[in-house]
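# Here you go, sequence then predicted model.
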Amino acid sequence: MDNSAAATPTSQTASLLIGQMGEGKAEAGKPVYVSTAAMAKELFGRGSMIARMVEAYRSVDSFGQLVVIPVADSTGTAATGKITCTGTAAEAGTISLYVGSDRVQVSVTNKMTAEAAAKAIADAITLNKDLPITAQAASGVVTVTAKNKGTVGNDIQLAVNLRGAINGETTVTGLGVEITAMSKGATDPDLSAALDAMGDEQYDFIGCPYCDADTLDKLSEKLKMNGKSMSFTFTGYVEAGIENLADANINVNSKTNVITIDNIKISITNVYIDPSSIKDAKQTKNIFNQLTIGDFTAAQSELEKKLINDAKEKGKIETAQKSAEETLKALFGEAINGYTVVFNWQ
C-alpha cells in the first residue's frame, strides 16, 4: 500500500483583522483575503494601521488564511507628538529613535546644530513610508502626526536609545533629544459596517485595535461566546386542501339555479422540507453551547411556520380555493349542469 498521498482532513478557518486604512486600492468595509504584508501595503496604504497589523500578523503566520476588513479613516483628530532637539553635538554619533517597535537611526556629525538634527530626524522618518507617522521639522522641533486619526495613535510610542549603551545606543554628547508623547488623538471610526461585513463566518482569531467601551460592547454582541446559529438553503413544499368538507352546507335554489356551498374552509394540510435539497449548511462550533438535535428540530418547526406564512402572503390559499372549486365542480359532474355554484369560503 502506497500512503504517500494520504492526509488527515482538517477544517481550516481564517483569522480576521479589522483596522483603519490609508490611501490604498481596497474598498473600505469590504472583506478581502490578504496573503502578504506587501499586498496589504498596496491595498491599504503604507504605514496605515491595518497594513501594519497585517505585517505583524504575517511575521508569526505566513501561510494561514487571513481576512481583512479595512475601515475608512475617521473624521476625528490625529494624535501628535514632538521630538525636541537642543544644543550642538560635541562629537559624531547616532540618534536611535524608536517609533513603536521600529528603530529609526539618524547620523549626527560633529558640531551639528539642533535645527540640523531635527531636520535629519524628520527626513529619516519621511523616508520610511511604513512608519505610522509623518514628520515636519521647524526650529529644532520635529512634530510627528499619526497617519490614521483617532485614539489609537495616542499609543504610538516615541522613545530614544531603548536598547541602551550595552547595545551601542548612547546619547550624543552636547545634543539633547527630548520626547513629548503622542496625544490628543480623538474619535475612532464607527465599526458598525465592518461588524456587519463579518456576516456569520467563523474565525480562529480576530484582531481589533479599539478598546473603548462602545466598541467592546458591539464586539461582545457580535461575538457572543454562548451564542449558536445555523444557516442553509433548502426546497420546501406546502400543500393545502379543504379542511371540513363533511361539515359543508349545500343549498340548492332551483328557482334561481344557484347552488350555494357554505361553511367550507381551505387550510394548510402538509408542509414538507426535502432533506436531499439542503445545501450550503453552516453552523457555529461553540464549545460552550453546542447545537443539539433539539435545536435542529426547533429550526425545522420554525422553517415550517415560515413556509406557511410565505404561502399565505403570496396568495397560495386563494390559489388553492380556486383549484378546489374546479375539483368539486368536476366531481358534481352533470348534476350541476345549468346551475351556478357559489362557494362561500371561511
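Received it, and whenever you're ready, just let me know what you need. Numbering: from 1, shown residues only.

# Can you list the low-confidence ranges for the stretch 101-250 of the chain?
Along the stretch 101-250 of the chain, segments meeting pLDDT under 70 span 224-232.

# now the one helix or strand residue 331 maps to: mean pLDDT?
Residue 331 belongs to helix 316-332 when assigned by DSSP states H and E. For helix 316-332, the mean pLDDT works out to 83.

# The chain should start at 56 in everything you say after this.
In the new count, where the first residue is 56, that last one comes out as helix 371-387.

# May I ask you to name the longest helix in the protein?
The residue-count maximum for a helix in the chain (DSSP state H) belongs to helix 348-368.

# which other helices and strands contact the helix holding residue 386?
Counting contacts by 3 or more Cβ pairs under 8 Å, 6 or more residues apart in numbering; DSSP states H and E, helix 371-387 is packed against strand 291-297, strand 321-328, strand 395-400. Any C-beta I mention is one placed from the backbone N, CA and C, and that applies to glycine too.

# One more pass at 10 Å, please.
Packing partners of helix 371-387 (3 or more Cβ pairs under 10 Å, 6 or more residues apart in numbering; DSSP states H and E): strand 291-297, strand 313-319, strand 321-328, helix 348-368, strand 395-400.

# How are the helices of the stretch 56-205 of the chain distributed by residue range?
For the stretch 56-205 of the chain, the helices defined by DSSP state H, counting those that start in this stretch cover 92-99, 104-113, 169-182.

# gap between the two ends of stretch 307-314?
5 Å (Cα to Cα, to the nearest Å).

# So what touches that stretch?
Identification of contacts with stretch 307-314 by Cβ atoms under 10 Å, 6 or more residues apart in numbering yields 305-306, 315, 384, 387, 390-398.

# nearest to residue 205, of these?
residue 398 (67.8 Å; Cβ to Cβ).

# quick revisit: so which of the helices of the stretch 56-205 of the chain is nearest residue 251?
Once these are compared by Cβ to Cβ, helix 104-113 is nearest, at 17.6 Å.

# now the strands: where do they sit in the stretch 206-355 of the chain?
Counting by DSSP state E, counting those that start in this stretch, the segments of the stretch 206-355 of the chain that form strands are 213-215, 230-238, 261-262, 285-288, 291-297, 304-308, 313-319, 321-328, 334-338.

# Tell me which residues of the first one come out buried.
Within strand 213-215, the residues that count as buried by 16 or more other Cβ atoms under 10 Å are residue 213.

# Check the second one too.
The neighbour-count criterion (16+ other Cβ under 10 Å) identifies 230, 232, 234, 237 as the buried residues of strand 230-238.

# Tell me the one among those residues nearest to residue 199.
Taking Cβ to Cβ as the measure, residue 199 lies nearest residue 237 of those, at 7.5 Å.

# which ones are touching that closest one?
The contact partners of residue 237, taken as Cβ under 10 Å, 6+ apart, are 133-137, 154, 187-188, 199-201, 207-213.

# Hmm, residue 260 is touching residue 71, no?
Yes. Counting by Cβ atoms under 10 Å, residue 71 is a contact partner of residue 260 at 7.2 Å.

# Tell me which of those two has more neighbours.
Taking neighbours as other Cβ atoms under 10 Å, residue 260 and residue 71 compare with residue 71 leading, 21 against 13.

# hang on, isn't that one packed against residue 124?
Yes. Using Cβ under 10 Å, residue 71 and residue 124 qualify as a contacting pair, with a distance of 7.0 Å.

# Overlap of the contact sets of those two?
With Cβ under 10 Å, 6+ apart as the test, residue 71 and residue 124 both reach 86, 249, 253, 263.

# Neighbour-wise, which one of these leads?
residue 249 leads the shared contacts of residue 71 and residue 124 on contacts (other Cβ under 10 Å) with 23 neighbours.

# if I pick the closest residue to that residue other than its chain neighbours, what's in contact with it?
Spatial nearest neighbour of residue 249, excluding adjacent residues (Cβ to Cβ, 6 or more residues apart in numbering): residue 124 at 4.7 Å. Residue 124 sits next to 71-74, 76, 81, 83-87, 105, 246, 248-253, 263 when contact means Cβ under 10 Å, 6+ apart.

# how far away is residue 124 from residue 117?
21 Å (Cβ to Cβ, to the nearest Å).

# count of neighbours near residue 192?
Residue 192 is flanked by 22 other residues according to other Cβ under 10 Å.
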